[in-house]
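Chemist: how does the following fold in three dimensions:
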Amino acid sequence: MTALGLILLCSGAANAQEPIKLGVLEDQSGDFAAATIGKVHGIQLAAEEINAAGGIAGRPLELVVYDTQSDNTRYQEFMRRVLQRDKVDAVFAGFSSASREAYRPIVNQFDGFAFYNNQYEGGVCDANMVVTGAVPEQQFSTLLPYMMETYGKKVYTIAADYNFGQISAEWVRNIVKEGGGEMVGEEFIPLGVSQFSQTIQNIQAAKPDFIVTLLVGTAQASYYEQAAAANVNLPMGSSVNVGQGYEHKRFKPPSLANMYATVNWIEEVDNPQSKAFVEKWHKKFPDEPYINQEAENSYLAVYLYKQMVERADGSTKKDELRKIIAQGDVCFDAPEGKVCLDPKSQHMSHTIYLAKVNDDHSISFPKVWNDIKPYWLGEAGCDLTKNDPSAQYTPSSPPPAAN
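Modeler: Predicted coordinates for the structure are as follows:
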């Protein structure tokens with residue numbers, strides 16, 4: 001059985017108008033659910049706030065919510081359903097990169113408008129997609145130089161064995177090489193694997209200065225306690241852990257001690273707008289164990305969409321909204337700080353926080369980088385204001401214009 005939620009959150013002022021419908025396809029069960037339930041809640045919180053203030057251009061928001069159950073075939077099924085049957089105006093969808101690539105051709109086929117509110121490996125140049133999550137040039141270009149300067153230049157990567165892990169690992173290799181470092185090991189772990197004794201032995205034999213962990217999902221997170229039990233005791237760097245799966249809360253200290261994660265927001269961020277966001281979130285969702293960066297990305301995405309529609313004189317048509325994005329000033333004062341959409345790539349600038357997990361699993365922030373642009377795609381040749389290849393590129397396979 002699948003779960004469908006149809007939620008109409010409206011104020012009296014907006015009742016007379018036809019609702020704007022947002023499809024929400026996220027994993028509320030399955031291997032990724034711990035990291036993704038908050039994404040649904042972030043969209044619900046933003047929609048409730050927007051409707052209480054009169055809606056978008058006087059129209060209430062209606063959410064059409066499906067549980068994709070961490071199953072890529074369900075993403076395909078439900079994406080067709082929300083675009084064909086439910087006739088949603090926009091879709092907020094997907095955690096894993098595999099799920100995004102499963103549904104993206106369907107969005108293109110029906111000329112939909114989809115928001116991917118997730119940290120990922122980067123490279124999607126597609127006019128039908130807006131990406132609000134952080135990308136490698138924002139996370140690795142900050143994290144890896146810091147780690148190599150602080151701990152040394154011998155690096156060992158362990159990554160989930162699908163497009164996120166493989167392409168992210170390519171970024172790691174390139175940046176380590178550019179910084180004069182050495183990759184002393186690299187392993188790709190199939191999703192669902194939860195036993196890491198051989199990997200731990202390999203790491204101990206290679207003697208790296210630090211490990212880059214790009215592990216995804218509940219099963220792979222078992223690595224941390226197993227590594228701690230084996231006294232690996234090496235610093236770790238990650239673009240994905242802590243910020244998504246809040247492993248520092250789920251596992252006992254000190255299994256994540258000396259983990260450094262580059263995040264665009266987590267609930268420990270200590271500024272006035274972040275504190276206010278955390279307070280109102282926990283008031284609405286008192287049982288939420290943790291508010292991760294993808295929850296914030298999803299929350300602010302609804303406000304970015306609101307701004308686009310209102311600036312397009314109430315139109316929800318993709319082409320009209322893209323004209324607004326092309327102006328280069330679609331921005332929002334988010335809990336992390338000010339964010340803006342880049343017209344060339346339709347990705348978002350971020351404040352990047354270096355989150356360090358301490359011995360007791362508390363979080364400190366040794367460094368913060370403000371307003372890091374999603375520069376790589378535009379520099380590599382992606383320019384959605386001029387053409388739409390609907391493709392994903394990597395450092396080793398850039399847009400044709402860059403070849």
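
Chemist: assign a three-state SS to the residue nearest the centre of the chain, would you?
Modeler: Nearest to the mean C-alpha position of the chain, by CA atoms, centre = their mean, lies residue 118 at 1.7 Å. Secondary structure, DSSP: H, G, I helix; E, B strand; the rest coil: residue 118 is coil.

Chemist: and the closest residue to it other than its chain neighbours, backbone torsions?
Modeler: Using CB to CB, 6 or more residues apart in numbering and skipping the chain neighbours, the partner closest in space to residue 118 is residue 133 (4.1 Å). No exception for glycine: its C-beta is placed from N, CA and C like everyone else's. Backbone torsions for residue 133, taken as degrees, to the nearest 10, come to phi -80, psi 170.

Chemist: next, the buried residues of the helix or strand hosting residue 35.
Modeler: Assigned by DSSP states H and E, residue 35 belongs to helix 33-52. Across helix 33-52, burial judged by 16 or more other CB atoms under 10 Å covers 33-51.

Chemist: do stretch 107-117 as well
Modeler: Buried residues in stretch 107-117, defined by neighbour count with 16+ other CB under 10 Å: 107-108, 112-117.

Chemist: what distance separates it from the middle of the whole chain?
Modeler: Here the centre of stretch 107-117 is set off from its chain's centre by 16 Å, with CA atoms, centre = their mean, to the nearest Å.

Chemist: CA atoms of that stretch as PDB?
Modeler: Output of stretch 107-117 as PDB, limited to C-alpha atoms (Å, rounded to 0.1, in the frame of the first residue of the first chain):
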ATOM      1  CA  VAL A 107       9.400  15.600 -15.600                       C
ATOM      2  CA  ASN A 108      11.000  16.400 -18.900                       C
ATOM      3  CA  GLN A 109       8.400  14.300 -20.800                       C
ATOM      4  CA  PHE A 110       5.500  16.200 -19.300                       C
ATOM      5  CA  ASP A 111       7.300  19.500 -19.100                       C
ATOM      6  CA  GLY A 112       6.800  19.700 -15.400                       C
ATOM      7  CA  PHE A 113       8.600  22.000 -12.900                       C
ATOM      8  CA  ALA A 114      10.400  20.100 -10.100                       C
ATOM      9  CA  PHE A 115      12.400  21.200  -7.000                       C
ATOM     10  CA  TYR A 116      15.200  18.900  -5.800                       C
ATOM     11  CA  ASN A 117      15.800  20.100  -2.300                       C
END
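
Chemist: could you give the mean pLDDT of it?
Modeler: The average pLDDT within stretch 107-117 is 98.

Chemist: quick one on the thing from earlier: helices and strands around the helix holding residue 35, which ones?
Modeler: strand 4-9, strand 20-26, strand 61-67, helix 272-284, helix 293-311 (3 or more CB pairs under 8 Å, 6 or more residues apart in numbering; DSSP states H and E).

Chemist: alpha carbons of that helix, as PDB, please.
Modeler: The C-alpha coordinates for helix 33-52 follow below in PDB (Å, rounded to 0.1, in the frame of the first residue of the first chain):
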ATOM      1  CA  ALA A  33      13.100   7.900   5.900                       C
ATOM      2  CA  ALA A  34      15.100   9.200   8.800                       C
ATOM      3  CA  ALA A  35      16.600  11.900   6.700                       C
ATOM      4  CA  THR A  36      13.500  12.700   4.600                       C
ATOM      5  CA  ILE A  37      10.400  12.900   6.800                       C
ATOM      6  CA  GLY A  38      11.700  16.400   7.800                       C
ATOM      7  CA  LYS A  39      11.500  17.500   4.200                       C
ATOM      8  CA  VAL A  40       7.800  16.800   4.100                       C
ATOM      9  CA  HIS A  41       7.400  18.700   7.400                       C
ATOM     10  CA  GLY A  42       9.400  21.700   6.000                       C
ATOM     11  CA  ILE A  43       7.100  22.000   3.100                       C
ATOM     12  CA  GLN A  44       4.100  21.600   5.400                       C
ATOM     13  CA  LEU A  45       5.300  24.300   7.700                       C
ATOM     14  CA  ALA A  46       6.100  26.800   4.900                       C
ATOM     15  CA  ALA A  47       2.700  26.100   3.300                       C
ATOM     16  CA  GLU A  48       0.900  26.700   6.500                       C
ATOM     17  CA  GLU A  49       2.700  30.000   7.100                       C
ATOM     18  CA  ILE A  50       2.100  31.100   3.500                       C
ATOM     19  CA  ASN A  51      -1.600  30.200   3.600                       C
ATOM     20  CA  ALA A  52      -2.100  31.900   7.000                       C
END
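
Chemist: wait, what's in contact with residue 394?
Modeler: Residues near residue 394 by CB atoms under 8 Å, 6 or more residues apart in numbering: 121, 123, 167, 170.
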